[in-house]
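**Student:** Below is the structure, and that's it, no one-letter string:
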Ligand SMILES: Nc1nc2c(ncn2[C@@H]2O[C@H](COP(=O)(O)OP(=O)(O)OP(=O)(O)O)[C@@H](O)[C@H]2O)c(=O)[nH]1
Ligand SMILES: [Mg+2]
């Protein structure tokens, strides 16, 4: 007999970072739909699953909220859904309230608030692994009796870590919890609950965190440690990556030579060798550096150090007229401005949000890394400074620092005269955790596949296009000089020269700027293609770096670096700005000010370097 059970509509609610999404992923696996809530750019995640007992469940992953007194668009959504006031969302039949067992002092406040709603509730005490490690024990049965609702333990990141919740879902739906007496004060109630149901048996974990925080958050040592960490990070980007990069470079060169030798001279050979392999192959060699940078970022995030960095930088952000809330979006922009700009949705103050969006493209996204490292590799000697630091890593560090300082200055100018309205960041410092190797590996794997699929699609396409532009029209019979001089790209490059000559760019650079608009790293492969086609000898692309160092002046290289610190080169970023702000004016303003900054910085760099080097 086919017994159909009515499907249950449940929502996950809880403070930010308590593990809702981890639990959501654990329960629903890949059966998820991600979209935006109508009218606002808050992500809506819904998924389905069937309990072991056969009950189908529709599950909504609500944005994290500290309370029902919403202060951001995310929290608005959570409040409206919980209260049954949302325009498009029906009221859930069941609230699955997730709390972090290691942070009940904060999270219980929200539980008490939700308990007053009169909706059936299940309390999931998550992160029990962490609690156990830190000697925190929670009397779940006691809490369950106290609240009059099921209370279950969970470890959302572990396989079967939600089995207790699934068991409860298989039972008849719970009744709404007992409401709190009207005269009860929430803080006093939380203190009472903690005293009655939560025990700390050993305080080692917290002592360790306290001891670490004393150093990491110290007003003097804290920033110094942060600086040192960033410093080492950029040093390793060069030193660790080199062996693998050499291998990849040799591989690409061998592939080019083999193909070049196997194919007859002609258009096909040129397309494959000069267009695809010289272009995409050159970009691929930067994969190790990008992965090392991400390994650091992932490890720092997982370990719990990054929020401390945000805390340290809150004051610096304030000098720029922004609050600590802008830190995470700006930090994400170091990976790519697109997620960074999307992360500004958590900033409630419209002015702060706009300014954060405007300066996000100044943060050094990873697509700039290939350009930086190509030029640094070609022009900055591989030398030690003071015996321990590599000069190349130092320059890279300097470029990042330059971008950050510029971003702060720009933000300061934009917020000038406007009084800050955003209240200071209430940062919840997570415990320190040892990074899990599996998570790091997964994160790196995602980065690597993203990068490679970019290389395989957009970068190859653009390079083939550029190759075509640079190869046709072919020179007339009997013409002298390189063929590329006759081509459309060559002509466009020469045509752009009057604008870019004052900042030291040659026509090859001008040509590479065009496909670089679609994706910054294409500038590198574009240079490889342009030089490969323009070269008289074969395999010019294998040695792009030495070729550049022979042909460009130091002033030109530095000028291009300065240009890339600011240039509004990636169209996708502009598209996201348009989507998030709904305004072409903001897009035009962003592109305009970035272009002006880039040009100004490149001009100053070029002229000053020329004066100093006498070139
Ligand atoms: N050790 C441990 N870590 C967990 C557990 N559940 C989640 N985490 C980690 O906690 C962090 C936050 O988890 P998320 O699922 O993103 O939290 P969230 O509640 O969805 O956060 P917001 O969407 O920002 O509100 C992630 O790094 C998870 O891997 C758990 O049970 N144990
Ligand atoms: Mg989440």
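**Tutor:** Cool, got the structure. Note that the structure is a prediction, hence the values are computed from the model and not measured. Ligands and ions are numbered 1, 2, ... in the order given.

**Student:** List the contacts of the spatially most central residue of the chain.
**Tutor:** The centroid of the chain falls nearest to residue 332 when counting by C-alpha atoms, centre = their mean (3.5 Å). For residue 332, the contacting residues are 339, 340, 343, by C-beta atoms under 8 Å, 6 or more residues apart in numbering. The C-beta positions use only the backbone N, C-alpha and C, and glycine is treated the same way.

**Student:** Residue 431 versus the closest residue to ligand 1 within the stretch 251-400 of the chain, what's the distance?
**Tutor:** Here the stretch 251-400 of the chain gets closest to ligand 1 at one residue, residue 302, 6.7 Å apart by C-beta to the nearest ligand atom. Residue 302 sits 12 Å away from residue 431, going by C-beta to C-beta, to the nearest Å.

**Student:** Residue 232: neighbouring residues, count only.
**Tutor:** Residue 232 has 14 neighbouring residues, counting by other C-beta atoms under 10 Å.

**Student:** and what of residue 117?
**Tutor:** 18.

**Student:** Now it. Nearest residue, chain neighbours left out?
**Tutor:** Nearest non-adjacent residue to residue 117, counting by C-beta to C-beta, 6 or more residues apart in numbering: residue 82, 6.0 Å away.

**Student:** one step back: now, the contacts of residue 332 that are in helices?
**Tutor:** 339, 340, 343 (DSSP state H).

**Student:** Top of the residues you listed by number of neighbours, please.
**Tutor:** In terms of neighbours by other C-beta under 10 Å, those top out with residue 340 at 26 neighbours.

**Student:** Next, the contact list for the residue lying closest to that residue once chain neighbours are set aside, please.
**Tutor:** With sequence-adjacent residues excluded and distances taken as C-beta to C-beta, 6+ apart, residue 340 is closest to residue 333, at 3.1 Å. Applying C-beta under 8 Å, 6+ apart to residue 333 gives the contacts 339, 340, 341, 360, 361, 363, 365.

**Student:** Nearest to ligand 2 among those?
**Tutor:** Nearest to ligand 2 among the contacts of residue 333: residue 339, at 14.3 Å, using C-beta to the ion.

**Student:** which residues does that closest one contact?
**Tutor:** Counting by C-beta under 8 Å, 6+ apart, residue 339 touches 332, 333.

**Student:** same deal with residue 299?
**Tutor:** Counting by C-beta under 8 Å, 6+ apart, residue 299 touches 435, 440.

**Student:** go with 6 Å
**Tutor:** residue 435 (C-beta atoms under 6 Å, 6 or more residues apart in numbering).

**Student:** mind checking pLDDT for it?
**Tutor:** Note for residue 299: predicted pLDDT of 87.

**Student:** go on, residue 525?
**Tutor:** With respect to pLDDT, residue 525 scores 78.

**Student:** ok, residue 490 - how many residues close by?
**Tutor:** Per other C-beta under 10 Å, the neighbour tally for residue 490 reads 24.

**Student:** so it, which of the three states?
**Tutor:** helix (DSSP: H, G, I helix; E, B strand; the rest coil).

**Student:** ok, now residue 248?
**Tutor:** On the basis of three-state DSSP, residue 248 is classed as helix.

**Student:** give me the number of residues near residue 477?
**Tutor:** Residue 477, neighbours per other C-beta under 10 Å, totals 5.

**Student:** Could you give the number of residues near residue 449?
**Tutor:** Per other C-beta under 10 Å, the neighbour tally for residue 449 reads 11.

**Student:** scratch that, residue 251
**Tutor:** Number of residues near residue 251 (other C-beta under 10 Å) recorded here: 13.

**Student:** and the gap between it and residue 277?
**Tutor:** 11 Å.

**Student:** Check residue 438 too.
**Tutor:** Computed as C-beta to C-beta, the residue 438 to residue 277 distance reads 35 Å.

**Student:** Those two: which has the busier surroundings?
**Tutor:** Using other C-beta under 10 Å as the criterion, residue 438 and residue 277 rank with residue 277 on top: 27 against 9.
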